[in-house]
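> take this sequence and fold it.
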Amino acid sequence: MTSDFDVIVAGGGPAGSTAARECASAGLTVGLLDKAEFPRDKPCGGGVTIRCAKQLPFDLSAVSERDVTGVRFSAPGVSIGRWSQSPLTYMTQRINLDGFLIEKAQQAGVSVMQRMAVRGVKTGREGYVITAGGREIRCRYLVAADGANGVTARLAGIDVPRWKGIALEGNVHADPLPERWRSTIGVDFSHIRGGYGWIFPKGDHVNIGLGGWRDSGPALRSRLAALTRSYGFEAEALRNLRGYPLPVRQPGAPIARDRLLLIGDAAGLLDPFTGEGIFAAIWSGRAAARKIVEDMVDGRSDAGSRYVEDVQAHLLPDLRVSRKLAGLFHLAPWAWTHGMRVPAVSRLAFRLLTGEQTYSQTSKDSRVASSLLATSYEALKLVSWTRGRGANMPLLFAA
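Numbering: from 1, shown residues only. I've put the predicted structure just below:
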C-alpha cells in the first residue's frame, strides 16, 4: 500500500496537534483531520497548569489571558484562600489555545485538513485507509485524538470502556473583573456531591461551571445558578451555557493496537482528582509521537506496544493515585478544605499544579500515607459497591 502520509492524526485538540507537530518536526509526513473548521471553540474551563505548560517547547503567553497565583477553596461552613509567589496556572480560551497549537503544527509541516470527519477506518498489512470528507487517505500510523465522543477507535474495532462524568459551564461578562477574582480561581465543594464547582477569570469575563457523575445531569442547571450567585454574580447573566462529557479510563482499557495509538480524551486519560485533561492530552501526544518516530527511524513496527509501556510506566501510576485521592477527598471535602490551612498541605497542592511533584511521588515519599491511602480506598470501594454505586466512585471534575 502506498501511503499518502506517514501519520494521520484524527482530532485537532491539544493532544492531536501536539502529536502531529512532534512527528512532523522529526521529518515525517503528517496529516491532521478535524471535523470542525478552525478557529473553533470547545467547552472547557480553559485552565492550563504550569505543569502542563512545561511540556511545550514554546511559550503560551500569546494565548494566556490571566496568570493565576491564588486558589480560594470553599465547602459547607468554610472558605479558605491560598496564594503562591509564582503562577500556578494560565487562563486561556480553547478557541485561542487550540488555534495557537494548530498553527504551531502547521509551521512544523503538518497538513491540516478541516471539515474532514472520519467516517471509516480500514486496516491493512502496512497501515490504514481512512475515509473522511468523501475521500480515502492512506497512512502507516493512525493516532486517535478525537476526544470523548470520538469515533476513530470504534471504527477501527477498538472499544474503550470509560466512566463518564458530565460538566456544565457558562460565562459571565465582567469588565473589569472583581478584584478578588483577577488572579485567583475558586474551587467549590458545596453545590454538588462527588464533584465540584469552579470560577475561572478570563480577560473580560469569568467562566463558572461544575461537574460530577453523569447522574448529576438533571440538577446541573439549578446548581450552576446557585453556584453563580454564591460567587457574587447574577445567574441570569450566564451566557454560552454548554455541557460536555468527561471520560475517565477504566483500568485495563486499551490505548493502542498495532499502529493505532489513542491519546488524550480518546483514551480516557483524564486526571480523576482535578478533572484536568490538557496535561495528559499533551503528554500522551508527545509519547505517541516519540514511539512512532522511533519506529520510522529504526525500521520497527511496535510503536503501539511501546507506547502502552510508556503510559503504564509514567502516566498510569499517577492516575491510579489520583483516582484514590479523589474518592477519599469526597468522603469529607469540608475536612480536606480545612486542611488547606496547614502550610505544608497548600504547598503540596501547589507543587502538584506546577509539576514539581507528582501524585505517585507523593505516595512513595511517605510509606505511612501510601498504606493509609490504599487501605482507605479499598474500604471506600467496598462501601460504594455495597450501596450499589458500583464504578461510580466520587470524582472531581473541571477544566
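
> which parts of the stretch 151-300 of the chain are helices?
Assigned by DSSP state H, counting those that start in this stretch, the stretch 151-300 of the chain shows helices spanning 152-155, 220-230, 278-298.

> helices and strands around the second one, which ones?
Packed against helix 220-230 by the contact rule (3 or more C-beta pairs under 8 Å, 6 or more residues apart in numbering; DSSP states H and E) you find strand 162-173, strand 196-201, strand 205-213, strand 239-249. Every C-beta, even on glycine, is put in place using the N, C-alpha and C of the backbone.

> closest one to residue 318 among the helices of the stretch 151-300 of the chain?
helix 278-298 (8.9 Å; C-beta to C-beta).

> hang on, the earlier thing: and the helices of the stretch 151-300 of the chain, which is most packed in?
Using mean count of other C-beta atoms under 10 Å, the stretch among the helices of the stretch 151-300 of the chain with the greatest mean number of neighbours is helix 278-298 (a mean of 23).

> starting at the chain centroid, how far to the next helix or strand after it?
Later in the chain than helix 278-298, the nearest helix or strand by DSSP states H and E is helix 303-314. Helix 303-314 has its C-alpha centroid displaced from the chain centroid by 19 Å (C-alpha atoms, centre = their mean, to the nearest Å).

> take the helix or strand that comes right after helix 303-314, keep the C-alpha atoms, and write them as CSV.
Going down the chain from helix 303-314, the next helix or strand is helix 316-329, by DSSP H and E. C-alpha atoms of helix 316-329 as CSV (Å, rounded to 0.1, in the frame of the first residue of the first chain):
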residue,chain,number,x,y,z
LEU,A,316,-1.0,5.5,34.8
PRO,A,317,0.7,5.3,38.2
ASP,A,318,-0.2,9.0,38.7
LEU,A,319,-3.8,8.4,37.5
ARG,A,320,-4.3,5.5,39.9
VAL,A,321,-3.2,7.5,42.9
SER,A,322,-5.3,10.4,41.7
ARG,A,323,-8.4,8.2,41.5
LYS,A,324,-7.8,7.0,45.1
LEU,A,325,-7.3,10.6,46.3
ALA,A,326,-10.5,11.7,44.6
GLY,A,327,-12.5,9.0,46.3
LEU,A,328,-11.1,9.8,49.7
PHE,A,329,-11.5,13.5,49.3
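
> report the buried residues of stretch 179-189.
Applying a neighbour-count criterion of 16 or more other C-beta atoms under 10 Å, the buried positions in stretch 179-189 are 181, 183, 184, 185, 186, 187, 188, 189.

> give the closest residue to the third one in space, chain neighbours not counted.
It refers to residue 184. Leaving out its chain neighbours, the residue that sits closest to residue 184 by C-beta to C-beta, 6 or more residues apart in numbering is residue 70, at 3.7 Å.
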